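>>> the sequence isn't on hand, but the structure is:
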C-alpha cells in the first residue's frame, strides 16, 4: 500500500472542539502521525455533544462527531494539572516534529508548555497556536466558537436575505480555520525541510475568515461601500439565484455569466423570444432586470424535478445544480461515484459514515486508515513504545491520575 | 549563461537583508482564472513562492472585469478582486493552444515545482499538456487540477460557479441560519467565499506533495473537486442523515442552544454558550433577571426546549444595548459573544490594527491602498508586499527574454501572432 506524503512526521496536539482537531486530522489524512493529548478531567466537548444537532453521546467513545474530526489519530490521556503529567507531555513533544494547540492564549505557557519552553527540549520544533483573535492585541483573550469567528471575520454580515438579520454559522467555519492552520503547518514543514529550523506560528480564527472576503474589504477601502446581505445574487451577473422545484424544499441553483449561457437557458426553457428581448439582451440588462427574470424562471422550474432540470441545463452549457441537503448529498449519484462518504468501523459506534479526504493524490494518497481513537487508547504505545516506560510505571501513573 | 548570472544577482538584490520565508525558491505556475486557483497560488506567493500567472492574451483573467472598481468604473487594471488575489505574483500572457505557445508552456513547466490549473477536465490533455505529457519532461512536477466536480464521475463535465458549488455541497441548504420559514430559499455564503474555500483546501494537498517531493524528488497529480472541498468543510453536518437519518435545515432544530444572532441597539451580536459557566456569564452580563432562576433555565437540556422563549427575553435586553457595550462587557466575563462585523468594522478594528492584519501597499493604477494580509503570523516567514498584482503581460519581457532567452524581436513576433 502506498503511504501518505507526510509519512514520518509526528505531531502532538493539545486541541479540542473542531478548529484544532480538524487541522491535525487533515495532516493525518496525509500520513502524519497525530498524537492527541486529552484528559478525563476535561473532556473535549465533541466527545460529549454534537453542536450541530444537539445530540448527546452516552460516553466519550460514542461520539460520531469526534470520530469524523479525529480520524487516524492516536490518543493519550494526561491530567495537565499534575506536574508529572507536564513532564510527560514534554517528553512526547521531544519525539515530535510539530505541536498544535488551541487553548485560550496564555494557558499553554502557564502550564509550562509554551513555545519558548518546548523549543529548549526540541530546538527545531514547529509550534502553531490557534485562537479566536490571536496571541497579541487588545482582544487576545477573547473567547469564541465558530459563530463568533464568522461574525468577527465579516462573513456573517454579508450572508443572508436582504430583509433579514445576518446569518449565523456553525462548525463549518471552524473547519476553515482548521484548513488554514494545516496549510500553515505544512509551509513551516517545507521551510524546516530546507533550513533545518522550526518556528512559532500565531494563527487567528477571526482572520482566517476575514481573508476569504478580501474583495468585500477592498470595496470598502476603494469606495467606502459597506456590502450587506444579498441572498444568492451575483456580482454584475444574472440570472444568479436558486429556484423552487417540485417536491418538498427542492431547489435548483442557476448561474448565467455569458450570452452563450443565456441563450442556452432560454432555449432549455423553450423561450427563444427572451434571447432578443430588449430587457434581457445584454448582461447589464439582465442584471438590472433580474427580479423579473427570477419570476419567469421560477414559473418554469416550480413544477419540474431538480435533477431533470440539471441534466437539461447542463446539456445546454448552463451551470445548474440542485440544492443538496445531508440526505441529498448521501443519495447523489456523483457524490457516490466519487466515494465521498466512507464507512469506518468503530469499536463503540459500529459502522460510522464519515467524509473522505477532499483530494486524490496520484502517488501518495490521502487515506482514512482507522477510526478516531478511544480516550487514552494509545497510552501504552506512546508512553511504553515511544518513551520506553515500563507497563508497571504506566499503570502506577494511571492509578495516581497522572496518566488520566 | 550570462543571462543566468544577471538573474541571480538581481534576485539577491531583491531579497538581500530580508527575512527568509517558508516557500523561498519554490516555483509555481498558475494557469487559472477567477478565484479558486488564483487564491491557492496567492497563498503560496504570500509565503515566498515565485508564482508566474499565465493569462490569455488580450482579455486576461476574467477576474479583471469583476468588481469592486474605484467609483464602480470597470477597468482591467483596477479590479479589487483581481488585485487582492494576484498581489505578489508575476504575470505573463500566453496562448498554449498555439504551437509556439505550447512549446513555451512546456519550457515553463520544465522549470517549475508546481502547476495549478483549473481547466475543464480533458482540456489540458487535448492541448498535449496533460499530466503525463508534463511528467515526461519534469518528473518532479506537482500538478493540481481544480475543477467543479473532479476529473471523474458522472458530473465531471458539468459547469459550476461558486453559487452552484455552494448549493451542491450542502452549504447553502443550511443558510441563512435561522431562516424565518422553510418556504424562503436557501442562500449561498456571502461574497466569493465558496470560491476562496476550494483554493484554501487545495493549498494543503499541494504543500504536502511539495514536502514529499523534498524527500523523494518526485511530483504527482492531484485531482480536487470544488464540490468535495466544500463538503469537507461541512463534514459533520453532511453525515447526519447517513448516520442518524437527521436532515438538518436552515430553520433550526428543537435541540439547539438559546443565543445565536440577536438584534441590539445598533446592529447584531452573536452569542453561544455551550459551557455552563458561559451561560452563567451571560446571565451576569444581563443582570441575573428573575426568569433565569426558572426551572426551564436550569440546564442546557431545559434551555434547549425553550430556546425561542429565552431568545425573546434575551432580545429585550440586547436591544437596549450597543454591540460595543455587549462585546466588551460580555468578553470581560468570558462569555463567547461578538458583534456581527462589516467590512468597515474590520477596517476600524483595534485588534486587527494591533496584529498588523492590514498592509498599506501601492499599485500603479489603484495608488496607495490597504489590503488584508494573512491569518498566520510566522515567526520565521513574515508576510510582505513583494509586488502589486501584475498588469496584463507585465512580466512578459522578464520571463520570455531574460529567463527563456527570446530576443525582443521574437517577442514582438509572438505578440503579432497572438501567442502572447
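In hand now; what should we look at? Bear in mind the structure is a predicted one, so any value in this text is a computation, not a measurement.
>>> alpha carbons only for contacts and neighbour counts from here, please
Will do.
>>> domain parsing for chain B?
Domains of chain B are assigned by automatic domain parsing as B:2-161+B:191-234+B:357-416, B:260-347.
>>> could you check how far residue A:180 is from residue B:200?
Distance, residue A:180 to residue B:200, by Cα to Cα, to the nearest Å: 7 Å.
>>> which one's more surrounded, these two?
residue A:180 (30 against 23; other Cα atoms under 10 Å in any protein chain shown).
>>> mind checking the SS state of that one?
Secondary structure, DSSP: H, G, I helix; E, B strand; the rest coil: residue A:180 is helix.
>>> what about the closest residue to residue A:208 other than its chain neighbours, how many neighbours?
Nearest-residue entry for residue A:208: residue B:375, 4.9 Å, with adjacent residues in sequence omitted and distances by Cα to Cα, 6 or more residues apart in numbering or on different chains. By other Cα under 10 Å, 27 other residues sit near residue B:375.
>>> show the contacting residues for residue B:375.
Neighbouring residues of residue B:375 by Cα atoms under 8 Å, 6 or more residues apart in numbering or on different chains: A:180, A:203-208, A:211, B:357.
>>> low-scoring stretches of chain A, by residue?
Applying pLDDT under 70 to chain A picks out residues A:1.
>>> how does it look with 90?
A:1-2, A:45, A:49-56, A:170-171 (pLDDT under 90).
>>> among the contacts of residue B:375, which ones are in helices?
If you go by DSSP state H, the contacts of residue B:375 have A:180, A:205-208 in helices.
>>> quick check: phi and psi at the closest residue to residue B:24 other than its chain neighbours.
Ranked by Cα to Cα, 6+ apart and with sequence neighbours excluded, the top spatial neighbour of residue B:24 is residue B:48, at 4.9 Å. For residue B:48, the backbone dihedrals (degrees, to the nearest 10) come out as phi 110, psi 0.
>>> and the pLDDT at residue B:48?
Confidence at residue B:48, expressed as pLDDT, is 98.
>>> show me where the stretch 201-350 of chain A has helices.
Counting by DSSP state H, counting those that start in this stretch, one finds helices in the stretch 201-350 of chain A at the ranges A:205-210, A:214-223, A:259-268, A:273-276, A:283-288, A:290-301, A:306-315, A:326-331, A:333-337.
>>> now render those helices as a markdown table, adding mean neighbour count.
Converted to a markdown table, the helices of the stretch 201-350 of chain A look like this (neighbours: other Cα atoms under 10 Å in any protein chain shown):
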| stretch | mean neighbour count |
| --- | --- |
| helix A:205-210 | 28 |
| helix A:214-223 | 23 |
| helix A:259-268 | 19 |
| helix A:273-276 | 14 |
| helix A:283-288 | 18 |
| helix A:290-301 | 16 |
| helix A:306-315 | 19 |
| helix A:326-331 | 20 |
| helix A:333-337 | 16 |
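>>> including distance to residue B:323, could the ones you listed go into JSON lines?
Converted to JSON lines, the helices of the stretch 201-350 of chain A look like this (distance: least, Cα to Cα, whole Å):
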{"stretch": "helix A:205-210", "distance to residue B:323": "17"}
{"stretch": "helix A:214-223", "distance to residue B:323": "20"}
{"stretch": "helix A:259-268", "distance to residue B:323": "44"}
{"stretch": "helix A:273-276", "distance to residue B:323": "48"}
{"stretch": "helix A:283-288", "distance to residue B:323": "35"}
{"stretch": "helix A:290-301", "distance to residue B:323": "34"}
{"stretch": "helix A:306-315", "distance to residue B:323": "42"}
{"stretch": "helix A:326-331", "distance to residue B:323": "34"}
{"stretch": "helix A:333-337", "distance to residue B:323": "42"}
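>>> indicate which one of those helices is closest to residue B:41.
Nearest to residue B:41, of all those, is helix A:214-223, at 15.1 Å by Cα to Cα.
>>> so which elements touch that closest one?
helix B:80-86, helix B:343-348, strand B:367-372 (3 or more Cα pairs under 8 Å, 6 or more residues apart in numbering or on different chains; DSSP states H and E).
>>> list the contacts of residue A:342.
When contacts are counted by Cα under 8 Å, 6+ apart, residue A:342 touches A:353-356.
>>> now, which of the residues you listed lie close to chain B?
The subset of those within reach of chain B, by Cα under 8 Å from any Cα of the partner chain, is A:353-356.
>>> for residue B:216, what are phi and psi?
phi -100, psi -20.
>>> mind putting the domains of chain B in a markdown table, distance to residue B:177 included?
Listed next are the domains of chain B as a markdown table, based on distance: least, Cα to Cα, whole Å:
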| stretch | distance to residue B:177 |
| --- | --- |
| domain B:2-161+B:191-234+B:357-416 | 14 |
| domain B:260-347 | 9 |
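>>> lowest average confidence, helix or strand, in chain B?
The weakest-scoring helix or strand in chain B, judged by mean pLDDT, DSSP states H and E, is helix B:2-15 (a mean of 45).
>>> neighbouring strands of the next helix or strand after that one in the sheet, and parallel or not?
Going down the chain from helix B:2-15, the next helix or strand is strand B:27-31, by DSSP states H and E. Strand B:27-31 has the following strand partners under DSSP bridges: strand B:50-55 (parallel), strand B:114-117 (parallel).
>>> so where's chain B uncertain?
Ranges of chain B meeting pLDDT under 90: B:1-18, B:182, B:252-257, B:274-275, B:300-301, B:304.
>>> which parts of it are strands?
Applying DSSP state E to chain B gives strands spanning B:27-31, B:50-55, B:90-93, B:114-117, B:142-147, B:220-225, B:260-264, B:267-271, B:337-339, B:358-363, B:367-372, B:376-378.
>>> who's in contact with the third one?
Right, the one you point to is strand B:90-93. Applying Cα under 8 Å, 6+ apart, the contact partners of strand B:90-93 are B:50-57, B:60, B:389-396, B:399, B:420.
>>> which of these are buried?
Neighbour counting with 16 or more other Cα atoms under 10 Å in any protein chain shown marks B:50-57, B:60, B:389-393, B:395-396, B:399, B:420 as buried within these.
>>> coming back round to it: tell me the most buried of the helices and strands packed on helix A:214-223?
Per residue and on average, the most neighbours among those fall to helix B:80-86, with a mean of 25 (mean count of other Cα atoms under 10 Å in any protein chain shown).
>>> find the nearest non-adjacent residue to residue 340, please.
Unless you meant another one, I'm taking chain A. Once flanking residues are discounted, residue A:340 sits nearest to residue A:356: 5.2 Å by Cα to Cα, 6+ apart.
>>> wrong chain, I was asking about chain B
The shortest distance from residue B:340 to any non-neighbouring residue, by Cα to Cα, 6+ apart, is to residue A:151 (4.3 Å).
>>> neighbouring contacts of the helix or strand harbouring that neighbour?
Assessed by DSSP H and E, residue A:151 sits inside helix A:146-153. Residues from elsewhere that reach helix A:146-153 (Cα under 8 Å, 6+ apart): A:132, A:156-157, A:168-174, A:205-210, B:260, B:269-272, B:336-341, B:346.
>>> how many other residues sit next to the residue lying closest to residue A:43 once chain neighbours are set aside?
Of all residues not flanking residue A:43 in the chain, residue A:60 sits nearest, at 7.7 Å (Cα to Cα, 6+ apart). Neighbourhood size, residue A:60 [other Cα under 10 Å]: 18.
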